[in-house]
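# Would you be able to build a 3D model of this:
(one chain, ligands or ions: 2)
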Amino acid sequence: MTDEAGDTTTASEVDFDSRIARLIDRKGREGQVVDDRTIPGRDAETRSVEVEQRLESALGDRGIDSLYAHQADAVDAIRDGDHVVLATQTASGKSLAYTVPAFEAAMDHGGRTLYLGPQTALIADQTQTLSDLAFDLGFASGVHVAEYTGRTDDTDRKQVRDQQPSFVLSTPDMLHYALLPHAHRLWEWFFSTLDYVVLDELHEYRGVFGSHVSLVLRRLRRVCDRFDADPQFICCSATIGNPIDHASNVTGAPPDDFTLIDTDTSPSGPTRWLTWNPPEQSGGEGRRRSHHVETKELFVDLVADGFQTLTFTRSRQTAERYATDSADALRGQGDADLADRIGAYQAALTDDKRRDLESRLLEGALRGVWSTNALELGVDVGGLDAVILDGYPGTRMNSFQRAGRAGRGTDPSLVVMVAGEDQLDQYVATPPDDFFDGDPEVAVVDPGNEQVLDDHVRCAARENWLSPADSESFPNFETRVATLVSQGELERRDTQHGPRWTYAGDGSPQHEMNLRTIDDQSVDLKDGTTTIATLPLSDALRDAHPGAIYHHQGRTYEIGDLDLDRGRASLNPTWADHYTSVLTDKDITIQDVIEERHPLPRRDVPVRFAAIDLAEQITGYERKDGKSGAPMGTMTLDLPEQTLNTKALYYTIPEDIEAEIRADYDFPGSIHAAEHATISLFPTEVLCDRGDIGGLSTPLHPQTGQSTIFIYDGHPGGVGLTRSGFDSITDLLHTTLDLLDSCDCADGCPACVQSPQCGNANDPLDKHGAAALLRRVLETE
Ligand SMILES: [Zn+2]
Ligand SMILES: [Zn+2]
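Ligands and ions are numbered 1, 2, ... in the order given. Next up is the predicted model:
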């Protein structure tokens with residue numbers, strides 16, 4: 001069959017479409033579907049490729065008689081010695097593309113493969129699949145698969161090293177802590193015969209974690225080089241705007257050495273994609289009905305109609321709370337059996353709990369799940385009938401990744417994107433053409449992040465002496481080495497081959513740092529003596545401060561006490577119907593201006609990129625009614641200040657513009673509104689979550705002596721996000737002005753200038769003043 005023939009409608013599609021029509025027609029939902037399109041299904045395109053006989057027959061036993069064309073292309077490119085990036089959809093069979101060459105290398109000459117995944121849940125899943133396949137090849141094949149992660153205990157770790165498997169699955173964290181530091185003593189057998197490094201979920205390696213991983217992989221390449229191994233990288237990625245550049249940045253291998261494979265030739269059914277905008281509330285200035293409530297009703301209707309449904313929502317607390325509400329609603333309408341088959345899935349759950357949910361989802365026993373992005377990665381839970389996105393996930397990439405969970409074989413599936421009332425959601429929802437046709441976002445890592453670079457240079461020196469040739473691996477190598485020598489961390493020796501630097505300390509620098517978060521303090525949430533969840537410190541300050549309402553697996557708690565010294569918070573069950581959000585105070589100190597430009601039409605508005613310190617303190621919280629969201633009063637809190645060293649872009653407002661704006665508008669409200677709107681649209685330019693960046697506007701900053709708008713990277717050291725924003729500031733401000741002009745609310749609403757993340761409860765805000773300000777800066781009418 002060809003693409004055109006894909007339009008043929010089958011009986012199951014007719015039934016499917018009439019069920020969707022019923023869902024839309026249900027009372028009160030007219031006009032909420034702002035876009036309705038079907039992404040056609042696709043027939044498989046296969047190509048025969050020569051595969052080693054035993055492997056071919058083991059695959060045949062699994063019903064795999066030929067490879068999809070994209071898998072075959074990848075296998076060919078890998079056999080040709082290229083690095084490869086496979087950027088295709090979820091469930092397109094990316095793993096077979098590396099399994100074939102990796103297993104063949106093991107059978108042919110004992111070649112080894114290192115598989116790195118960002119999450120242990122994903123690794124456990126992969127280990128199982130690959131071990132089963134290796135088992136079928138027989139022991140004599142020489143293919144042996146083993147997991148080596150934080151979950152592997154000491155005895156098993158020793159056993160893995162003794163058995164010397166051909167395929168090791170691990171995390172970048174373990175590579176950093178456990179493999180590289182002992183490369184010469186315990187792992188020489190592995191690194192000296194390493195043929196392939198598989199990087200699964202490459203797009204997850206961005207931001208500060210990605211910057212760390214990019215440096216760990218540069219260390220890996222040095223170590224391999226020492227053993228005369230030169231492994232090929234096989235990268236699997238979601239669809240991003242810069243797959244080859246990103247793979248090159250993450251691995252340190254030159255972009256020209258990569259082959260990109262991004263045409264998915266696996267079969268799929270048609271996907272009906274509805275963009276859903278909750279109705280505006282009567283008399284309410286751009287206020288819309290809660291997208292959570294709207295999503296819940298769709299979810300309940302779909303589950304009741306027999307669709308196995310997965311909802312992706314933004315926070316763990318929302319997933320927990322609405323899973324419970326959905327079960328209650330099903331019970332209320334007499335579907336008690338279905339009510340017991342609803343779950344909430346999120347990263348703070350224990351491993352056992354998560355695995356239980358995964359397997360019940362795969363078996364079909366669970367009929368509906370509310371999940372955070374924790375289910376976005378490749379853990380196999382089977383295909384779902386319907387996926388609901390509760391609020392725009394923030395980027396096209398994340399949206400399509402999550403939507404990819406819908407679809408079982410070539411059956412039709414449904415995706416509903418329910419827009420929230422905030423700026424980015426409304427921007428994407430009306431009209432959504434940009435969303436479907438726009439370019440995917442660009443993923444950013446910054447191996448030059450000084451905050452993390454020095455640590456990795458120290459680790460590298462501990463793993464093997466450094467030489468001037470290492471300037472190829474590490475950005476700003478000479479400066480960093482000179483600094484570390486002056487700090488007594490490195491020692492210089494002059495040899496006949498030139499200078500060498502060795503690590504001068506006696507400990508293990510690898511164990512002094514963590515790739516995931518620079519501050520690794522955590523807080524246990526205790527229901528009586530039971531720990532129900534563990535949160536990183538910054539999340540705990542936000543979600544588990546005294547008085548916070550906390551939802552967990554069907555129960556609601558109020559936080560009693562938060563003891564930071566002991567790292568625990570006590571929870572008390574409650575029937576409270578309100579929810580809470582924190583209020584914060586922020587201060588920015590500019591440490592070092594890295595670059596200054598004048599890219600805006602108003603040439604006297606400098607835009608600067610700088611290293612800054614952000615001091616942030618949670619000063620209190622607001623209680624809001626669970627149904628209407630109406631404020632119910634604020635309470636103060638006494639919590640420690642947190643400081644973040646990061647990067648920011650900022651611009652100052654010239655006095656004449658300030659005077660003009662002051663004459664007609666609320667000036668502090670104008671800069672605050674401009675800051676909010678700009679931040680909300682930032683993810684349209686750069687691959688990040690709105691939570692990855694933050695902002696501050698002040699009518700008088702003590703260091704600039706002027707009114708200043710800051711946009712900063714929300715991660716230690718900065719991870720390149722505001723650097724990218726600095727490069728595209730003119731476009732960004734134009735998009736922001738368009739948003740302000742096109743919103744038809746009277747005085748600002750959640751779709752233009754109000755932000756759910758504002759630490760000042762959205763006060764003051766002046767939308768018209770913000771538009772006037774940007775018009776002056778951009779010199780447009
Ligand atoms: Zn508005
Ligand atoms: Zn604000």
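# and residue 546, what is it in contact with?
The contact partners of residue 546, by Cβ atoms under 8 Å, 6 or more residues apart in numbering, come to 559, 560, 561, 562, 637. To be clear about C-beta, it is placed using only N, CA and C from the backbone, and glycine gets the same treatment.
# Need the max-distance pair from those residues.
560 and 637 (13.7 Å; Cβ to Cβ).
# and those two? which has more neighbours close in?
The residue with more neighbours, out of residue 560 and residue 637, is residue 637; 18 against 12, by other Cβ atoms under 10 Å.
# How about the more buried one, nearest residue that isn't a chain neighbour?
Leaving aside its chain neighbours, residue 637 sits nearest to residue 620 (5.1 Å; criterion: Cβ to Cβ, 6 or more residues apart in numbering).
# Beta-bridge partners for that neighbour, please?
Residue 620 forms beta bridges with residue 583, residue 636, as assigned by DSSP bridges.
# After the helix or strand residue 60 falls within, which helix or strand is next? Please name it.
Counting by DSSP states H and E, the element that carries residue 60 is helix 53-61. Next along the chain after helix 53-61, taking DSSP H and E as the criterion, comes strand 67-68.
# related to what we said a few turns ago, for the residue nearest to residue 637, give me its contacts.
582, 583, 634, 635, 636, 637.
# Quick check: of these, which lies closest to ligand 2?
Taking Cβ to the ion as the measure, ligand 2 lies nearest residue 583 of the contacts of residue 620, at 10.6 Å.
# So the closest one sits against residue 758, correct?
No. With contacts counted by Cβ atoms under 8 Å, residue 583 stays clear of residue 758, the gap being 9.1 Å.
# Residue numbers of the chain in contact with ligand 2?
758, 760 (Cβ under 5 Å from the ion).
# Let me know the outermost residue of the chain.
residue 496 (47.7 Å; Cα atoms, centre = their mean).
# so which of the contacts of residue 546 are also by ligand 1?
Within these, nothing lies near ligand 1 by Cβ under 5 Å from the ion.
# which residues of the stretch 601-750 of the chain fall in strands?
Assigned by DSSP state E, counting those that start in this stretch, the strands in the stretch 601-750 of the chain fall at 607-625, 631-636, 642-653, 693-698, 707-713.
# is it possible to export those to JSON lines including distance to residue 668 and mean pLDDT?
As requested, these are exported to JSON lines (distance: least, Cβ to Cβ, whole Å; pLDDT from 0 to 100):
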{"stretch": "strand 607-625", "distance to residue 668": "18", "mean pLDDT": "91"}
{"stretch": "strand 631-636", "distance to residue 668": "20", "mean pLDDT": "87"}
{"stretch": "strand 642-653", "distance to residue 668": "11", "mean pLDDT": "90"}
{"stretch": "strand 693-698", "distance to residue 668": "8", "mean pLDDT": "92"}
{"stretch": "strand 707-713", "distance to residue 668": "9", "mean pLDDT": "94"}
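# So which of those is nearest residue 88?
strand 693-698 (29.0 Å).
# and the angle from that closest one to strand 607-625?
Using axes from the mean of the first three to the mean of the last three Cα atoms, to 10 degrees, the inter-axis angle of strand 693-698 relative to strand 607-625 is 100 degrees.
# Would you mind putting the CA coordinates of strand 693-698 into PDB?
What follows is strand 693-698, C-alpha atoms only, in PDB (Å, rounded to 0.1, in the frame of the first residue of the first chain):
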ATOM      1  CA  ILE A 693      14.100  30.100  33.200                       C
ATOM      2  CA  GLY A 694      13.000  32.900  35.400                       C
ATOM      3  CA  GLY A 695      12.800  36.600  35.500                       C
ATOM      4  CA  LEU A 696      13.000  39.700  37.600                       C
ATOM      5  CA  SER A 697      12.100  43.300  36.700                       C
ATOM      6  CA  THR A 698      13.000  46.200  38.900                       C
END
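# what packs against that strand?
strand 578-597, helix 667-681, strand 707-713, helix 721-727 (3 or more Cβ pairs under 8 Å, 6 or more residues apart in numbering; DSSP states H and E).
# which residues sit against it?
Residues contacting strand 693-698 (Cβ under 8 Å, 6+ apart): 586, 588, 614, 668, 671-672, 674-676, 678-679, 682, 707-714, 721-722, 725, 757.
# Now that we have those, which of them are buried?
Of the members of those, the ones counted as buried by neighbours, 16 or more other Cβ atoms under 10 Å, are 586, 588, 614, 668, 671-672, 674-676, 678-679, 682, 707-714, 721-722, 725, 757.
# Buried residues, stretch 167-186. List them.
Those buried within stretch 167-186 under the rule 16+ other Cβ under 10 Å are 167-181, 183.
# Equivalent analysis for stretch 228-236, please.
Of the residues in stretch 228-236, those buried (16+ other Cβ under 10 Å) are 229, 231, 232, 233, 234, 235, 236.
# Go through these and flag which are in strands.
When DSSP state E defines the strands, the subset of those inside them is 232, 233, 234, 235, 236.
# okay if I get those residues as JSON lines plus pLDDT?
Conversion of those to JSON lines gives the following (pLDDT from 0 to 100):
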{"residue": "232", "pLDDT": "98"}
{"residue": "233", "pLDDT": "98"}
{"residue": "234", "pLDDT": "98"}
{"residue": "235", "pLDDT": "97"}
{"residue": "236", "pLDDT": "95"}
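# what's the closest of those to residue 465?
residue 233 (25.1 Å).
# so how many other residues sit close to the residue nearest to that closest one when sequence neighbours are not counted?
Nearest non-adjacent residue to residue 233, counting by Cβ to Cβ, 6+ apart: residue 83, 4.4 Å away. Look at residue 83: counted by other Cβ under 10 Å, it has 24 neighbours.
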